[in-house]
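K.L.:
take a look and give me a structure for this.
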Amino acid sequence: MFVQIVIGSTLLVFSIMTAGISFWVLERRIGGIRPWLVKAPHAPKLMLVLCATALWVLLQMTIAVWTWAFTFVALGVFATLEPSVYFALVAFTTLGFGDILLPLEWRLLGGMAALNGLLNIGLVTAAMVETLRQLRLQQIAIEDRDT
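P.N.:
Numbers count the residues shown, from 1 in each chain. I've put the predicted structure just below:
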């Protein structure tokens, strides 16, 4: 049990750190083009930032799912990568189909993978909303200043 908690906690911390670093990099990239983003027209630029942020989230979530999948294979929980990725994705998104289950001696990792998915989805949702909110506030400030 304690081994599962240590492994799961390590994966959780790694995943959250990956998300945090990922959004720090994204913020730096967006910051580099901020002068262009706050100039009119605003709608297409907001859509561009939304799409870029969504792709960044997809990349970050993919890294997390694959990290769990490789860990499952390394631990011998699954013999091949396909069921490992499938289980990690189903657990991470909390779909819980139940068609593939972890062996009893590793079942706590399934719950921890689901917890990781919940945390990551909440974190990336908050980061996406904040990114768009900050950009829109800056666009409005520029509009108000120019009028």
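K.L.:
what sits against residue 94?
P.N.:
Residue 94 makes contact with 114, 117, 118, according to CB atoms under 8 Å, 6 or more residues apart in numbering. Where C-beta positions appear, they are placed from N, C-alpha and C, glycine not excepted.
K.L.:
and what of residue 103?
P.N.:
By CB under 8 Å, 6+ apart, residue 103 lies in contact with residue 77.
K.L.:
just use 37 as the starting number from now, easier for me
P.N.:
Okay, using 37 as the starting number, the last item reads as residue 139.
K.L.:
return the distance of it relative to residue 43.
P.N.:
Distance check for residue 139 against residue 43: by CB to CB, to the nearest Å, it reads 14 Å.
K.L.:
ok, how many other residues are close to residue 115?
P.N.:
Neighbourhood size, residue 115 [other CB atoms under 10 Å]: 9.
K.L.:
before we move on, what about the one 3 residues further on?
P.N.:
Number of residues near residue 118 (other CB under 10 Å) recorded here: 11.
K.L.:
now residue 141
P.N.:
Residues near residue 141, counting by other CB under 10 Å, number 12.
K.L.:
and it, how far from residue 132?
P.N.:
Distance from residue 141 to residue 132, by CB to CB: 20 Å.
K.L.:
backbone dihedrals for residue 116, please?
P.N.:
Reported as degrees, to the nearest 10, the phi and psi values for residue 116 are phi -130, psi 170.
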